[in-house]
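[1] For reference, the sequence and a predicted model appear below.
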Number of protein chains: 2
Amino acid sequence: MAGFLFCLLALDISTALSAVLLPRQGDPTWQDTTLPAAQRADALLPQLSWEEKIAQMGGIRRLLGANATFNRTAWEALYPLQHGILSYGSQLNQAQDVLPYANMVREEQLNSSKVPWITVTDSVNSIYVPGGTLFPATLSLSTSWNLPLYEEIVASIRDENMALGTHWVLSPELDIAKEPRNGRVGEMYGEDVYLVGEFAAQYVKTMQERDEGGHMKVATTVKHFLYGQGSGGVNTASMDGGVNHLYNDLAIPYIRVLKEKPASIMISYSSVDRIPMSMNTALIQDMLRSEMGFTGLIMSDAMGILHLYTESNVASSYKDAAIKALRAGLQLELAPGQPACFPYLVNSSSDQEIVDLVNEAARQHLIIKFDTAMFDLPLPTMENLNRTLRAPQHLDVNRRASREAIVLLSNDGFLPQANFSQVALIGPFGDIIDPGSYAPTTSANPEYGRTLRGSLEARMGAGNVRYVKGVDIRTTSPNDTAGIQEAVAVAKAAGVAIVSLGSLSVYSQDAAVNQRTDGEFYSHASLAFPGNQQQLLDAVLDTGVPTILVLNGGQAFVLNNSTMRCNAILHQFLGGEFSADALVEIITGQVNPSGKLTISMPQADGAFPIYYDFLPSDNVGGGGSDPTDSTVCAGDWNLPCLNRDGAPMAFGYGLSYTTFDISGPQVTNSNSSGGSISIFCTITNTGNVAGKEVVQVYFRQQYSDIELPNKRLVRFQKVELQPGEARQVKFVIDKADLGYYNNAKYQVDSGHYTFWVGSSSRMADLKNATISL
Amino acid sequence: MAGFLFCLLALDISTALSAVLLPRQGDPTWQDTTLPAAQRADALLPQLSWEEKIAQMGGIRRLLGANATFNRTAWEALYPLQHGILSYGSQLNQAQDVLPYANMVREEQLNSSKVPWITVTDSVNSIYVPGGTLFPATLSLSTSWNLPLYEEIVASIRDENMALGTHWVLSPELDIAKEPRNGRVGEMYGEDVYLVGEFAAQYVKTMQERDEGGHMKVATTVKHFLYGQGSGGVNTASMDGGVNHLYNDLAIPYIRVLKEKPASIMISYSSVDRIPMSMNTALIQDMLRSEMGFTGLIMSDAMGILHLYTESNVASSYKDAAIKALRAGLQLELAPGQPACFPYLVNSSSDQEIVDLVNEAARQHLIIKFDTAMFDLPLPTMENLNRTLRAPQHLDVNRRASREAIVLLSNDGFLPQANFSQVALIGPFGDIIDPGSYAPTTSANPEYGRTLRGSLEARMGAGNVRYVKGVDIRTTSPNDTAGIQEAVAVAKAAGVAIVSLGSLSVYSQDAAVNQRTDGEFYSHASLAFPGNQQQLLDAVLDTGVPTILVLNGGQAFVLNNSTMRCNAILHQFLGGEFSADALVEIITGQVNPSGKLTISMPQADGAFPIYYDFLPSDNVGGGGSDPTDSTVCAGDWNLPCLNRDGAPMAFGYGLSYTTFDISGPQVTNSNSSGGSISIFCTITNTGNVAGKEVVQVYFRQQYSDIELPNKRLVRFQKVELQPGEARQVKFVIDKADLGYYNNAKYQVDSGHYTFWVGSSSRMADLKNATISL
């Protein structure tokens, strides 16, 4: 009942205010909108009370509960010392239901002469509540290898966020996807530091674009500093550390992205070399601040500070945890579980060290709020929200993105099939969507878009699509015989089967959460299909009916010999609202697939790491095989190592319906033009249909002072060619881009360098040339 | 033919010499046997030529080829710059055939006025050629948790080595067995730094015991500095590094063992934080020399220096590799592949830095040779060799050791079975031994000892043991039906089955090497039984015939639900010549098993790390379970985590035929007696037979400056009790033993400490008390 009244109230006031005014007594300079954000922050800071400064360093995690309910009592309990940032709470409340409450609390805060709220939310493949355009998730989008397209995507998500009043997002994620057991791989851009850096830089640049008034549209949060291969693939697990490892394997994307001046950086949960990151002064101050030069705000991950006390036992109380985190450099406690730690600082106003650190933290908050115009913008209106969400151009971008965010992993020539008369759609992913646990949607009956069943029915007519779920995702009981038998029957009857399998990552309030196997908090001790899905697939394949396999989930799967019998395999990772339509377009040949893997796929559960840029030492012990080949796996006696001859599932790999020839590279050393080299090659579409290919450039130097990967991606470009069309592709590479970090210092060596150009990281797909620099 | 002539020559001279005399021109002080080794070395060093010094830094890897053949031409090609150390070559030449050649080349060297050879060989569970006592391998022996027994074992191996003229061994191995995919786990003492340190210290102390003349009996080589969880479980693979990780997770056993003053340390193949260890100045000089205070000789692993050039691409030539290794601190190039690198230093005699380093290296060699009396001892005699090898007391120690080096993993009460009338012995390990690839024996028809088939036949009569191999180890063809059917038939006929399965680690010249799946160069992408062995076991179990499973191999296995149907499971790891006899003694109840796991066993291929002393951060992400529980695994949705309630295969676990009660500990803080604490508990044999139990003490502190494991082993004691007998066990722990390394400095904190006492690392098997220090 209370919720209903607040709702009415909120609707009354939501458009009533046009700008923020604080009746402060001191220097009014901060109100001058023509001054730089830092100058306004410096002017306002002395006018904030101690408690107000502390309060900036935290906020309210859940504006609303499920069904758009607002709990005034809980809100007021937290408010006094936590009113810097606002999050919306349940990610299934409709945007149009959220806006009135968000505006209500904004107005209340202004009426109390407080610094205005800034909304900080996750925003992975959409705004963080339903009503917006739902794109595929990060890993899926990275498989497009298409940065101009990604710019359009991010601009769409940015504009929808602004319409809801969200001006600070918790992306991009720069974690390196080299640990296939980690359930969060679907949130990442892949396994390669260069590719991750380029996509993430594009994200920050586009999201933080300046408006006409010179204000940052939406502030970004680069995260999770630092994370990669945590122990056991566990979300919060430790890493061993080592300065060369940290710089070369994890920090490179940060160093790239810092050039775009992200507003904030989030610290990882991990314990690096036994020092939890939330108190890791060496990595935050010495590395991130001093060496890497980051000047923005540093925040914790949710409950990261709390864990110093409750989990890692390196702090002896909530307050001790707060002080250790503050001293290490943390300035915002994100979405705390209760009790929050930073409010305990309120009693430390006589400790000058803490006072100074709190002042600096509050100043950072004010800078972001001034920079994003939180003091100046009018409250967002329902009218603009309705106009902006799902704008036609956003939906168009999404359709184009979805078509490029699918990887064709195998095809014996069966695809494309322009005209099925009937199809059997089989598997637990056939009639749901799996966009990831940070997507604001339900998996079944999503508000927008279609499941694969829906897309097939729309294309072929409902009567020609016979859907059988067959098995649940997680059930491992042997009692799935009936479902499997039914699947076999419909496959035989239809004469062709599309089997949709995978690993589910949905929001904790989704109806299917009991079937969840992927996403944050989940680790994959096995990379096989969960439950009885393999049995279902095997039974369908045993019929001999032509079978297309569609993979779902933000992870790699082990594709065993039985699975490889499929006539074609497509991986969409975590698709968006139009991914099912795009799958049908690809299956039927309306769209030529062009996605390329951004994570390598292991061949057995224990056969990892499998990333392409392995160190020579990590090659199969004593194997004596070509150390420059593209991927590595543990040298198990019974396991054909992924890399050597033919196994395709390596970084950069993906099939097309046409064929491309990429010539050997010509490499020229342009000493005259500022120390760069130029690489030319010619790509020709040698097949019968138009298509897109990603030309990839890798390199390595002959000798180095520390051990370096066997090769490294240094450039890529996606090109579209008509049948028979040829085009010269040119890459210009600054010599400064060919270096590495040796004991935290960047160096570029002279000597011989080999460059490879081709269509994947596999040696068989590359041609090379060597020059001396 | 040449070989035969040399053989005759060798036999003529082998006992002719009694002492080494070098007609040197300079200071004769080095000949004074009453002086300390270092003083004699300092006196002799200036009298060595430059080439002679270089030659000390290498040696001859293969004295003999297969069938005791000596290749004079190959020998002479290497000799001039490689004549410091001698290795015997093929590990299947009989000791009595090797000795004459060894003495021959020793005499030749003396006749050339050279510094005498010292033989450096592996010596894991025996001398390194046949003819000696063959003990179980290292991991097996560690499961005894019996240090006094281990002392007897090492003394036996030591004395047999000396009889053959071997005075320098390439053990102990301090690598930490936390990576279950690593094929060399069987060479290690287990996953715990304390346990590894205690066993290794015992090894060094016993091997390096002084003779009556004050000489070191056999010099030891502590290895591989540093190695633990290499990438992918690959033998030579990289580690990330991090100073707290290196000190706390890897260096602690070295710090313990250094108190026993080992003669030498071998550097690992690994690349740590991208710096290959063979050139890792920081870890060799700053850590090992300066911080840890090691003053002995530092050697490479075989081909470790070469790999700087040929594998890791951090050196640009053989000579560059030699110089980088020398500068980092390497002083001996072990068993090089050709070309060796250190001989390239011969042209650097005008480089004073290199001259100084070579002088220091040669000096280290001379010290070891003087200290082991290589200049003073007579050549070993055939008579003493025959008297010493397989001396009755060595065989007796081996029998006792073998009985304690077997772990009973499960038992539904079926064991012991005093009187089988018949038994079906099934599986590819039923009639071979699997002692590890560093054991000087063949797997089939070993010269000494028995296979399980032999031991059962000796006990029951050949007619009552029906052996069926069933399947090969590696074959994965589906054509094993006949063998499996035959196994099923004999199981039914006999009414009881003993199934012997596992993973084979044999020497490269063993007839069964094509069945090898374990040991150096092998990694286990899967921890299932290789080949069709699981099918064989499943088929036997499906008959309902009572089944005892015997595991073989230096590794953990995933024991799936089907396997757990066995009535009893025993793991012998890499057994010796009497392990099969001991298995039969245990099965029949003549011996009560007392082995305890020193590595934790995963429950799924990807569910690792699984070691008991995990960091809190590494616990299942967000699981909220008891963080002090004993083991951890990746939090896969379908995987019951090993630790929680009931799954037994954790560090310290092993069953007995009797039961023990261990009381809760009493912990007293003895401030008066030099800063130690005392822990008392009472252990009672509450069953019906005599038995041995390992009382284990674990601890953790409440809060610390860096993240520490949830608990750590700090003491253990094996006690033998008659039925009904009770005994108080007392542990005294210096407070100094409760510390940890924080940024390379050792610290001990005040605060609350919890101590657990019990029979395994599982919380269910422990009782605790907390005190304040």
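    Yes, it's here. Residues are numbered from 1 along each chain as shown, chains lettered A, B, ... in the order given.
[2] Only C-alpha atoms from now on, for both contacts and neighbour counts.
    OK.
[3] Which elements pack onto the biggest helix by length in chain A?
    What stands out as the longest helix in chain A, according to DSSP state H, is helix A:352-371. Here helix A:352-371 touches helix A:37-44, helix A:50-56, strand A:297-299, helix A:318-328, going by 3 or more CA pairs under 8 Å, 6 or more residues apart in numbering or on different chains; DSSP states H and E.
[4] which one of those is the most hemmed in?
    strand A:297-299 (a mean of 26; mean count of other CA atoms under 10 Å in any protein chain shown).
[5] Can you name the next helix or strand after that one?
    Next helix or strand after strand A:297-299 toward the C-terminus (DSSP states H and E): helix A:304-310.
[6] Now do that following helix: everything it contacts.
    A:268-269, A:276, A:278-279, A:313-318, A:320-322, A:325, A:333, A:336-337, A:340-341 (CA atoms under 8 Å, 6 or more residues apart in numbering or on different chains).
[7] element containing the residue of the stretch 401-550 of chain A found nearest chain B, please.
    Distances between the stretch 401-550 of chain A and chain B by CA to the nearest CA are smallest at residue A:525, namely 4.2 Å. Under the criterion DSSP H and E, no helix or strand holds residue A:525.
[8] wait, it sits on residue B:607?
    Yes. Using CA atoms under 8 Å, residue A:525 is in contact with residue B:607, at 4.8 Å.
[9] Where does the prediction get shaky in the stretch 301-450 of chain A?
    A:336-337 (pLDDT under 70).
[10] Residue A:240 is in contact with residue A:272, isn't it?
    Yes. Judged on CA under 8 Å, residue A:240 makes contact with residue A:272 at a distance of 5.7 Å.
[11] before we move on, back to that, filter the contacts of helix A:304-310 down to the buried ones and hand me the PyMOL line.
    Selection command for PyMOL covering only the buried members of the contacts of helix A:304-310, criterion 16 or more other CA atoms under 10 Å in any protein chain shown:
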select buried, chain A and resi 268+269+276+278+279+313+314+315+317+318+320+321+322+325+333+336+340+341
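[12] Tell me which entries of the contacts of helix A:304-310 lie within helices.
    Reading helices off the contacts of helix A:304-310 with DSSP H, I get A:318, A:320-322, A:325.
[13] ok, back up a step: wait, which of the helices and strands packed on helix A:352-371 is closest to chain B?
    In terms of CA to the nearest CA, the element of these nearest to chain B is helix A:318-328, at 10.6 Å.
[14] how about that closest one, does it get close to chain B?
    No. Residues of helix A:318-328 contacting chain B under CA under 8 Å from any CA of the partner chain: none, with a closest distance of 10.6 Å.
[15] Could you list the residues in contact with that helix?
    Residues outside helix A:318-328 that contact it (CA under 8 Å, 6+ apart): A:278-281, A:284-285, A:305-306, A:308-309, A:314-315, A:339-342, A:344-345, A:354, A:357-358.
[16] Show me which of these are buried.
    Buried by 16+ other CA under 10 Å: A:278-281, A:284-285, A:305-306, A:308-309, A:314-315, A:340-342, A:344-345, A:354, A:357-358, out of these.
[17] What helices and strands are in contact with the following helix or strand past the longest helix of chain A?
    Next helix or strand after helix A:352-371 toward the C-terminus (DSSP H and E): helix A:382-388. Counting contacts by 3+ CA pairs under 8 Å, 6+ apart, helix A:382-388 packs against helix A:95-111, helix A:147-163.
[18] can you put those helices in TSV and add mean pLDDT, distance to residue A:701 and mean neighbour count?
    Below are these laid out as TSV (pLDDT from 0 to 100; distance: least, CA to CA, whole Å; neighbours: other CA atoms under 10 Å in any protein chain shown):
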stretch	mean pLDDT	distance to residue A:701	mean neighbour count
helix A:95-111	95	52	21
helix A:147-163	98	27	22
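[19] Output those as JSON lines; include the columns distance to chain B.
    Putting the helices and strands packed on helix A:382-388 into JSON lines (distance: least, CA to the nearest CA, whole Å) gives the following:
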{"stretch": "helix A:95-111", "distance to chain B": "28"}
{"stretch": "helix A:147-163", "distance to chain B": "29"}
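[20] check contacts around residue A:102.
    A:63, A:88.
[21] how close does it sit to residue A:381?
    From residue A:102 over to residue A:381 the distance is 11 Å, taken as CA to CA, to the nearest Å.
[22] what does residue A:711 give?
    As judged by CA to CA, residue A:711 and residue A:381 stand 52 Å apart.
[23] Kindly reformat the helices and strands packed on helix A:382-388 as a markdown table containing distance to residue B:374.
    A markdown table is the format used below for the helices and strands packed on helix A:382-388 (distance: least, CA to CA, whole Å):
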| stretch | distance to residue B:374 |
| --- | --- |
| helix A:95-111 | 85 |
| helix A:147-163 | 70 |
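[24] who's more crowded, residue A:711 and residue A:381?
    Higher neighbour count among residue A:711 and residue A:381: residue A:711, with 24 against 21, using other CA atoms under 10 Å in any protein chain shown.
[25] you'd agree the more buried one is up against residue A:702?
    No. When contacts are counted by CA under 8 Å, residue A:711 is not listed as touching residue A:702 (10.5 Å).
[26] List the buried residues in the longest helix of chain A.
    Neighbour-count burial for helix A:352-371 [16+ other CA under 10 Å]: A:354-355, A:357-371.
[27] now stretch A:204-218
    For stretch A:204-218, the neighbour count (16+ other CA under 10 Å) marks A:204-209, A:215-218 as buried.
[28] now swap in stretch A:583-594 and tell me
    Within stretch A:583-594, the residues scored as buried using 16+ other CA under 10 Å are A:583-589, A:591-594.
[29] how much space between residue A:339 and residue A:170?
    Taking CA to CA as the criterion, residue A:339 is separated from residue A:170 by 22 Å.
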